[in-house]
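Trainee: What shape does this take:
(one chain, ligands or ions: 1)
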Amino acid sequence: MEQKRVGAFFKIAIFTAAFCHQHVPAVDNEIDAMIATASMKLYRHFKNKPYKYLGVAKHSETFGELVLYEALYPNPEGKLWVRPKDMFHEIVEKEGKRFPRFASVGLRIETVTDVTKAEILSLRPLLETIFQSFDEKAMDAILENHSGFALHKALVDDTLVGFKLGYQHSLTTFYSWLGGIDPQYRGLGIASDLLKAQHDWCKEKGFQRIQTKTKNKWREMIILNVKAGFDIIGTYTDTKGEPKLILEKKLV
Ligand SMILES: CC(C)(COP(=O)(O)OP(=O)(O)OC[C@H]1O[C@@H](n2cnc3c(N)ncnc32)[C@H](O)[C@@H]1OP(=O)(O)O)[C@@H](O)C(=O)NCCC(=O)NCCS
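Mentor: Sure thing, here's the model as predicted:
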């Protein structure tokens, strides 16, 4: 996992040094684009190493605030580190240049409501990475049989790292059909930011509740949803004989 994250980070690092939230490129058929900084926990040290921000701890003797952070690469010196909060966020000067000691790597979330076949096909590599398959027929059937789509895409720099796709179920209910995060970018708060963006969008559009279905095997998704306020409101067995959970969250 750490090795993979290093790979992911260097993909990030080769992009412009500016954080991605400082440049929001135009996206075809994009209705709305917004910056989500709420939970994203990926930081880049000025020596170009990736770290996950874990939170702020208090020093038991001095009550001084310390940032706790985790190396996202194999570091023989240790995995968990602390540093005074002011120092973590300070600007350092080196060879006449000033830059943050730790720079927050930006996450951009785009909302696409004109969901076309081409848009779905652009998700294919990510879907294959997450689910090891891409069921084009199932995708076509969803596009054909439903309307009122919203696709929320998470991008780190210009790399698509996660998505959530859903559609209008009724005048009051939005159905969140499918979603996932590239394994290399998990545990950084990206799904939480995507979920928040989707729910904020649903509220803005006047939906009163959001529904989703999942299986026991998608445990992280169950935890994420329950933590985000979904209730399990039912179960059933699908045509393949697998039990499924029905979850619902009230938005008002
Ligand atoms: C579920 C999934 C989207 C989470 O993505 P993520 O970006 O890693 O999630 P976040 O970092 O935002 O984590 C949000 C919360 O989810 C829960 N969570 C995420 N991964 C977890 C794990 N491995 N173990 C336990 N809880 C986990 C935690 O409560 C976490 O909050 P915390 O960090 O404060 O503890 C991701 O694991 C995934 O893509 N899974 C496969 C796809 C999938 O299940 N699709 C559903 C098909 S219906």
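
Trainee: Can you show me the helices along this structure?
Mentor: Listed in chain order, the helices of the chain (DSSP state H) span 2-13, 85-88, 117-121, 124-131, 136-145, 190-204, 219-227.

Trainee: So which of those is the most surrounded?
Mentor: Counting by mean count of other Cβ atoms under 10 Å, helix 190-204 has the highest mean neighbour count of the helices of the chain, with a mean of 20. Backbone N, C-alpha and C define where each C-beta goes, glycine included.

Trainee: quick one on the thing from earlier: where among the helices of the chain is average confidence lowest?
Mentor: Per-stretch mean pLDDT for those is lowest at helix 2-13 (a mean of 42).

Trainee: and the chain, which of its residues are near the ligand?
Mentor: 130, 179-181, 186-192, 214, 218, 220-221, 223-224, 227 (Cβ under 6 Å from any ligand atom).

Trainee: related to what we said a few turns ago, compile the helices of the chain into a markdown table and extend it with columns for distance to E248.
Mentor: Output for the helices of the chain, formatted as a markdown table (distance: least, Cβ to Cβ, whole Å):
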| stretch | distance to E248 |
| --- | --- |
| helix 2-13 | 33 |
| helix 85-88 | 39 |
| helix 117-121 | 25 |
| helix 124-131 | 24 |
| helix 136-145 | 20 |
| helix 190-204 | 12 |
| helix 219-227 | 10 |
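
Trainee: Of all those, which one is nearest P76?
Mentor: helix 2-13 (11.9 Å; Cβ to Cβ).

Trainee: Out of the helices of the chain, which gets nearest to G106?
Mentor: Nearest to G106, of the helices of the chain and by Cβ to Cβ, is helix 2-13 at 9.8 Å.

Trainee: that older thread, and the helices of the chain: which comes nearest K97?
Mentor: helix 2-13 (16.6 Å).

Trainee: just to revisit the earlier point, so which of the helices of the chain is nearest V156?
Mentor: So among these, helix 2-13 is nearest, using Cβ to Cβ, at 5.8 Å.

Trainee: what residues go with each domain of the chain?
Mentor: 11-39+106-250, 42-104 (automatic domain parsing).

Trainee: any idea which of these is most buried?
Mentor: Using mean count of other Cβ under 10 Å, domain 11-39+106-250 ranks as the most buried of the domains of the chain, with a mean of 16.

Trainee: Any idea which helix or strand in this structure has the lowest mean pLDDT?
Mentor: Least confident helix or strand, the chain: strand 32-36 with a mean of 38, by mean pLDDT, DSSP states H and E.

Trainee: Need phi/psi at S122.
Mentor: phi -70, psi -20 (degrees, to the nearest 10).

Trainee: who's in contact with the closest residue to it other than its chain neighbours?
Mentor: Nearest non-adjacent residue to S122, counting by Cβ to Cβ, 6 or more residues apart in numbering: L160, 7.7 Å away. Neighbour list for L160: S122, L123, L126, K153, A154 [criterion: Cβ atoms under 8 Å, 6 or more residues apart in numbering].

Trainee: got a list of what the third one touches?
Mentor: Right, L126. L126 neighbours (Cβ under 8 Å, 6+ apart): L160, V161, G162, F163, G180, D182.

Trainee: L143: which of those residues is nearest?
Mentor: F163 (15.0 Å).
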